[in-house]
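Engineer: Have a look; sequence and predicted model below, questions after that.
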Amino acid sequence: MSGEADRDKLLAGMRPELRPGTFVFATVAEGAMPADLVPVMSFREAEGTTLILSEAEAARAGLPAAFPCRWITLAVQSALDAVGFLAAVTARLAERGIAVNAVSAFHHDHLFVPLARAEETMEVLQDLAGGA
């Protein structure tokens, strides 16, 4: 399945969706992830496995968590080899001083932004899509 690769079409077609809930980043040692955890994302690094999961799930598992955030899905099918889409999005957020942790998945790109800046981020993204 292929997605859109044209940056301008991606920006114009972007429909940001603010997901419910609060999410956090945590890390566990290799092979130490509790079996009942269902993270949104996991990624193995040399220092351990990074998890993005709900704040409640991290608390239940007793995991130290960082960066309480909201999850925004950029609902446009982007190609995995698309050039400049996330750069344009993150540059616009950087202009506003909004931190963002971006994750590219097979179908969509996802942004994790500070709790207090989620609504502002949605406005910036909607403006960016409208102006593309």
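Structural biologist: Thanks, I have it.
Engineer: Name the nearest residue to L74, ignoring sequence neighbours.
Structural biologist: D109 (4.6 Å; Cβ to Cβ, 6 or more residues apart in numbering). In short, each C-beta sits where N, CA and C put it, glycine included.
Engineer: how deep is the one you found tucked in, by neighbour count?
Structural biologist: Counted by other Cβ atoms under 10 Å, the residues lying close to D109 total 21.
Engineer: Verify the contact between it and V103 for me.
Structural biologist: Yes. Contact between D109 and V103 holds when scored by Cβ atoms under 8 Å: they sit 7.1 Å apart.
Engineer: Is the residue positioned nearest the centre of the chain bridged to anything, and to what?
Structural biologist: In the chain, the centroid-proximal residue (Cα atoms, centre = their mean) is L111; its distance is 2.5 Å. Beta-bridge partners for L111, by DSSP bridges, are I72, A102.
Engineer: Give me the buried positions along the lowest-mean-pLDDT helix or strand in the chain.
Structural biologist: Within the chain, no helix or strand scores below helix 7-13, which has a mean of 90 by mean pLDDT, DSSP states H and E. For helix 7-13, the neighbour count (16 or more other Cβ atoms under 10 Å) marks R7, L10, L11, G13 as buried.
Engineer: need the contact list for the residue lying closest to the second one once chain neighbours are set aside.
Structural biologist: It refers to L10. Sequence neighbours aside, F85 is the residue nearest to L10 in space, at 4.5 Å (criterion: Cβ to Cβ, 6+ apart). F85 makes contacts with R7, L10, L11, S78, D109, as judged by Cβ atoms under 8 Å, 6 or more residues apart in numbering.
Engineer: let's see it at 6 Å
Structural biologist: R7, L10, S78 (Cβ atoms under 6 Å, 6 or more residues apart in numbering).
Engineer: Skipping adjacent residues, who's closest to D6 in space?
Structural biologist: Distances taken as Cβ to Cβ, 6+ apart place A82 nearest to D6, at 7.8 Å, with adjacent residues excluded.
Engineer: Isn't that neighbour up against D8?
Structural biologist: No. In this structure, A82 is not within contact of D8 by Cβ atoms under 6 Å, at 11.1 Å.
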